[in-house]
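Undergrad: Sequence plus the predicted model coming up.
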Amino acid sequence: MIVRSLKARIRNQFEVSAAEVGSQDLLQRAELGVAAVGPDQQPLDALLQNILSFVEQNLEGELLNYRNEFIHV
């Protein structure tokens, strides 16, 4: 799946922000960032897990790494 298409599908299906955030100079690798805002961490964690599952199921390649980061203000 092309990176642009994957970003669009993530945005549309999950109503989050998604952007290519690194490795833009490499043709065979992409780094995507996904951002969501909410009042509680639990639903956001579940959302990010659903997005991860979606990417794993729709990716035409190998997922090398992922991480979640929560910022509390």
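TA: That came in fine, so what should we check first?

Undergrad: May I have the residues that are in contact with I51?
TA: By C-beta atoms under 8 Å, 6 or more residues apart in numbering, the residues touching I51 are I10, F14, V16, V34. For every residue, glycine as well, the C-beta is placed using N, CA and C.

Undergrad: Please point out which parts of stretch 46-63 sit buried.
TA: Across stretch 46-63, burial judged by 16 or more other C-beta atoms under 10 Å covers L47, L48, I51, V55.

Undergrad: same thing with stretch 3-11?
TA: L6, K7, I10.

Undergrad: In terms of distance to E20, which of the residues you listed ranks first?
TA: K7 (6.9 Å; C-beta to C-beta).

Undergrad: Spatially, which two of the contacts of I51 are the most separated?
TA: Pairwise distances across those peak at 8.0 Å for F14 and V34 (criterion: C-beta to C-beta).

Undergrad: which one of the two has more residues nearby?
TA: Taking other C-beta atoms under 10 Å, F14 and V34 do not tie; V34 has more neighbours (20 against 16).

Undergrad: you'd agree that one is up against E20?
TA: No. V34 lies out of contact with E20 (C-beta atoms under 8 Å); the separation is 11.1 Å.

Undergrad: ok, the buried residues of stretch 46-63 vs E69, which is closest?
TA: For those, the nearest to E69 is L48 (9.7 Å; C-beta to C-beta).

Undergrad: That closest one: what secondary structure?
TA: Classification of L48 by DSSP: H, G, I helix; E, B strand; the rest coil places it in helix.
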